[in-house]
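Enquirer: Give me the fold of what follows.
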Amino acid sequence: MSDPRLHTRLCDLVGVRYPIVQTGMGWVAGPRLAIATAKAGGLGIVAAATLTFDEMVAAIDEVRAGTDASFGVNMRADADDVERRVEHLIAAEVKVASFAQAPGQATITRLKEAGVVVIPTIGARRHAEKVAEWGVDAVIAQGAEGGGHTGVVPTSLLIPQVLDAVDLPVIAAGGFVDGRGLAAALAWGADGIAMGTRFLLTADSTVLDNVKAEYLATPSTGTVVTTAIDGAPQRVIATDMVRRLEAARLTRFPRAAANALRFRRLTGTSLRALLAEGIRMKKAQDLTWGQVALAANAPMLTRAAMVEGRTEVGILPTGQGVGSIDELPSVADLVSRIVAEATEALDRLCGG
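Expert: I've put the predicted structure just below:
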């Protein structure tokens, strides 16, 4: 029987044994990783933002065939077919819908009415307040230490701020890699932790070995937050490719536009849909056309590394916790170890 101190509101909300979430990392969090996490007692999330609709359907079916435990699917709230995807999640009885950016209130209401738990990721107190008003069930609050797109507030400051602002289960993210981190998050008042890089660096992750080796060789000081990839702040490994992107002020747009067209062919997106998305992004986020091209280009750069293993031309999103990771356990062993470490830390905290 697990330690009752590790049974939080999150466990009841999404139906998992442990308050540990594997995040929906594009090109990384596929069915195999989600199944392994679900079987270990955590919440596995399939990254569907980089999948076509049919690929998302197939991924959900694969997880369903691999486990009867709860799992989630991460989507883009601004995708052209988000309503169709939402309806499929409902029909497939997926437990959790997660979003990197919060969906509109109508989408949240539709999901909740169908019994799907809605969990967006936020990076500031005001964002938590807004989505709480819209009716989300919980939030993943990611501090600046987190990988990929991230904010500027450190996790140690963000979590208390969000907890003071909303009466929802708060899942802490950004820099967590072990059970001591879980215990710390619980001591703050959070209902669990979410981790990306730590799950990427497991034996169950489908990321290629040479890419994992790049991560394992990266110290905590070997990451950088840059806007050169897609116009928004993103924490990645500070590779030569990132430095070239930072320097290529004049040539970045044509290269990004060319790669955006490659991504269109790869995903089967029509040129009209790609242009429509670019116009929508430009209006919604007040981006320049150069930033729009960068945003469309970003998935290709990440895919080059994560799927093709081309680390010399790819982007490697990572949290600062990467510097504390030096091995590749199975997900089952990782979760078991985190639970044991958290229990030990709580015993010390409580004088047990």
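
Enquirer: mind showing which ranges of the stretch 101-250 of the chain have poor pLDDT?
Expert: 248-250 (pLDDT under 70).

Enquirer: which one is residue 303 nearest to, not counting chain neighbours?
Expert: Distances taken as C-beta to C-beta, 6 or more residues apart in numbering put residue 27 closest to residue 303, at 5.3 Å, once the chain neighbours are dropped. No exception for glycine: its C-beta is placed from N, CA and C like everyone else's.

Enquirer: Contacts only, for that neighbour.
Expert: Taking C-beta atoms under 8 Å, 6 or more residues apart in numbering, we find residue 27 in contact with 47, 50, 299, 302-303, 306-307.

Enquirer: Then residue 222?
Expert: Shown in contact with residue 222 (C-beta under 8 Å, 6+ apart): 237-238, 322-323.

Enquirer: if we can go back for a sec, helix/strand/coil for the residue nearest to residue 303?
Expert: coil (DSSP: H, G, I helix; E, B strand; the rest coil).

Enquirer: okay, who's weakest in the contacts of residue 27 by pLDDT?
Expert: pLDDT across the contacts of residue 27 is lowest for residue 299, at 75.

Enquirer: looking at it, that one is touching residue 51, isn't it?
Expert: No: taking contacts as C-beta atoms under 8 Å, residue 299 lies outside contact range of residue 51: 10.8 Å.

Enquirer: those helices in the stretch 151-300 of the chain, which residues are they?
Expert: 155-165, 179-188, 197-200, 209-216, 240-247, 252-267, 271-285, 289-306 (DSSP state H, counting those that start in this stretch).

Enquirer: contacting residues for residue 338?
Expert: 18, 20, 178-179, 182.

Enquirer: at 6 Å instead, please
Expert: By C-beta atoms under 6 Å, 6 or more residues apart in numbering, residue 338 lies in contact with 179, 182.

Enquirer: average model confidence for the strand or helix carrying it?
Expert: For residue 338, the element it lies in under DSSP states H and E is helix 331-350. When pLDDT is averaged over helix 331-350, the result is 96.

Enquirer: follow-up on the earlier one: among the contacts of residue 222, which one sits closest to residue 95?
Expert: residue 322 (29.0 Å; C-beta to C-beta).

Enquirer: Surely that closest one is in contact with residue 220?
Expert: No: the criterion here is C-beta atoms under 6 Å, and residue 322 misses it with residue 220 at 7.0 Å.
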